[in-house]
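*Asks:* give me the fold of what follows.
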Amino acid sequence: MNKRVYNFSAGPSMLPVAVLERAAAEMTNANGTGQSVMEMSHRSKDFKPIIDHAEAMLRELMEIPGNYKVLFLQGGASLQFPMIPLNLAVREDGKKQKVTYVDTGVWASKAAEEASKYAEVRVAASSKDKAYSYIPEAPAPDTEDVYYHITWNNTIVGTKWNKIPNTGSVPLVADISSCILSEPLDVSKFALLYAGAQKNLGPAGVTVVIIREDLIKKVPDWIPTMLRYEIHAKEGSMYNTPPCYGIYIIGLVLDWMKEQGGLAEIERRNREKATLLYDYLDQSKLFRSPIRKEDRSLMNIPFVIGNADLEAQFVKEAAASGLVNLAGHRLVGGMRASIYNAMPKEGVLALIDFMKQFEAAHRS
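*Replies:* This is a model prediction of the structure:
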């Protein structure tokens with residue numbers, strides 16, 4: 001059997017080995033039920049403790065206040081791009097209401113573009129002028145805004161917000177797909193948080209939505225049933241068959257996080273890993289980080305050489321050495337190391353060692 005590689009994919013990404021081993025041990029007999037979670041009816045007495053446990057652990061680790069609902073949905077973060085304006089910004093008469101978006105990358109731009117079909121979108125600030133290499137200042141919301149949207153961590157370009165914008169009474173909405181549970185976050189400062197699971201939480205197929213209860217309301221009849229937060233909240237995320245196995249794995253990942261010491265310890269490890277890699281990049285004569293220092297992500301670290309052929313060679317040789325999925329996103333090129341919670345420090349050190357060897361061989 002080949003040994004496990006260090007997987008730097010931006011998502012789906014690596015999971016803790018302990019979680020994979022536990023899932024394997026329980027594959028045919030989960031919780032003493034004599035069946036796999038993949039075989040269980042979502043309406044059964046066997047599955048309910050699984051989804052209840054996943055929610056309880058998420059609430060505990062993120063310190064989610066009691067006046068927020070936790071929903072386990074499908075469709076990825078991308079389905080939230082239309083769901084948010086459809087639920088928060090559409091009136092009974094169909095008139096579009098005003099919303100503000102801050103454009104900090106590809107996914108932030110896509111979210112604003114999709115929202116513009118259902119709301120009057122104002123892009124209040126953008127970092128596109130410098131290839132999204134920084135986080136712009138957050139302008140104040142418009143007085144008529146019904147919500148204010150940001151993308152907390154920008155997976156493709158490797159930037160993150162370091163302070164929560166003050167939007168006053170305007171509900172703050174954030175995509176936290178690639179940074180959820182990477183460090184403590186004050187949920188009470190946000191009205192709605194959403195995240196695809198396939199980076200820090202579990203396998204692809206589950207989307208977590210954390211929404212303040214006062215934002216869950218009846219929406220116009222023309223909005224499809226499956227796109228209504230009120231329906232999913234009322235039915236406990238089980239209006240239809242949820243992604244049962246993915247929710248089960250999320251529960252195991254959250255158990256693992258708690259065993260590691262909770263978010264304080266997870267953050268410490270993440271900052272240590274990121275510091276090691278950024279420190280190397282900042283002194284390297286071959287590689288460099290294109291991101292403004294104060295806006296650098298802890299989770300997604302892009303780096304470049306400036307020579308496409310040499311970058312392709314680096315990615316190929318790294319993969320041969322057990323360091324896989326280091327190619328940058330197709331829209332920006334270069335390289336990218338995604339070092340989510342499950343990436344051990346040893347993986348980052350192995351990457352740095354390989355980069356040093358590559359630099360010694362190719363530095364002119």
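*Asks:* who are the contact partners of Ser178?
*Replies:* 10-11, 153-155, 199-200, 297, 299-300, 338, 340 (CB atoms under 8 Å, 6 or more residues apart in numbering). Glycine gets a C-beta too; all of them are placed from N, C-alpha and C.
*Asks:* give me the pLDDT for Val332.
*Replies:* Val332 is assigned 86 on the pLDDT scale.
*Asks:* and Val209, which helix or strand is it part of?
*Replies:* In the assignment (DSSP states H and E), Val209 maps to strand 207-212.
*Asks:* which other helices and strands contact that strand?
*Replies:* strand 68-73, helix 76-88, strand 192-196, helix 229-234 (3 or more CB pairs under 8 Å, 6 or more residues apart in numbering; DSSP states H and E).
*Asks:* related to what we said a few turns ago, tell me the one among the contacts of Ser178 nearest to Asp279.
*Replies:* Comparing the contacts of Ser178 against Asp279 with CB to CB picks out Ser297 as the nearest, at 15.3 Å.
*Asks:* wait, the closest one sits on Gly158?
*Replies:* Yes. Counting by CB atoms under 8 Å, Ser297 does reach Gly158; the two are 4.6 Å apart.
*Asks:* of the contacts of Ser178, which is the nearest to Lys98?
*Replies:* Closest to Lys98, out of all of the contacts of Ser178 and judged by CB to CB, is Asn154, at 24.1 Å.
*Asks:* thought the closest one was touching Trp107?
*Replies:* Yes. Contact status for Asn154 versus Trp107: in contact at 6.9 Å, counting by CB under 8 Å.
*Asks:* neighbour-wise, which of these two wins?
*Replies:* When Asn154 and Trp107 are compared for neighbours, Asn154 comes out ahead with 27 against 20, by other CB atoms under 10 Å.
*Asks:* how about the nearest residue to that one, chain neighbours excluded?
*Replies:* Gly105 (3.6 Å; CB to CB, 6 or more residues apart in numbering).
*Asks:* just to revisit the earlier point, can you put the helices and strands packed on strand 207-212 in a markdown table and add distance to Ile216?
*Replies:* Shown next, in a markdown table, are the helices and strands packed on strand 207-212 (distance: least, CB to CB, whole Å):
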| stretch | distance to Ile216 |
| --- | --- |
| strand 68-73 | 7 |
| helix 76-88 | 8 |
| strand 192-196 | 10 |
| helix 229-234 | 5 |
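*Asks:* which ones are touching the residue nearest to Asn154?
*Replies:* 127, 132, 151, 154-157, 159.
*Asks:* just those residues: which are in strands?
*Replies:* When DSSP state E is applied, those are split such that 151, 154, 159 fall in strands.
*Asks:* can you tell me which of those is closest to Tyr194?
*Replies:* Thr151 (10.4 Å).
*Asks:* what's the strand holding Val209 in contact with?
*Replies:* For strand 207-212, contacts defined as CB under 8 Å, 6+ apart pick out 58, 62, 64, 67-77, 79-80, 171, 180, 187, 190-197, 201, 229, 232-233, 250.
*Asks:* next, the angle helix 76-88 makes with it.
*Replies:* Strand 207-212 runs at 30 degrees relative to helix 76-88, counting by axes from the mean of the first three to the mean of the last three CA atoms, to 10 degrees.
*Asks:* strand 207-212 versus strand 68-73: what angle between them?
*Replies:* Going by the same axes, to 10 degrees, strand 207-212 makes 160 degrees with strand 68-73.
*Asks:* direction included, what does strand 207-212 pair up with?
*Replies:* strand 68-73 (antiparallel), strand 192-196 (antiparallel) (DSSP bridges).
*Asks:* what residues sit buried inside that strand?
*Replies:* Across strand 207-212, burial judged by 16 or more other CB atoms under 10 Å covers 207-212.
*Asks:* got a markdown table for those residues, with distance to Ala264 and pLDDT too?
*Replies:* Shown next, in a markdown table, are those (distance: CB to CB, whole Å; pLDDT from 0 to 100):
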| residue | distance to Ala264 | pLDDT |
| --- | --- | --- |
| Thr207 | 26 | 98 |
| Val208 | 21 | 98 |
| Val209 | 25 | 98 |
| Ile210 | 20 | 98 |
| Ile211 | 26 | 98 |
| Arg212 | 25 | 98 |
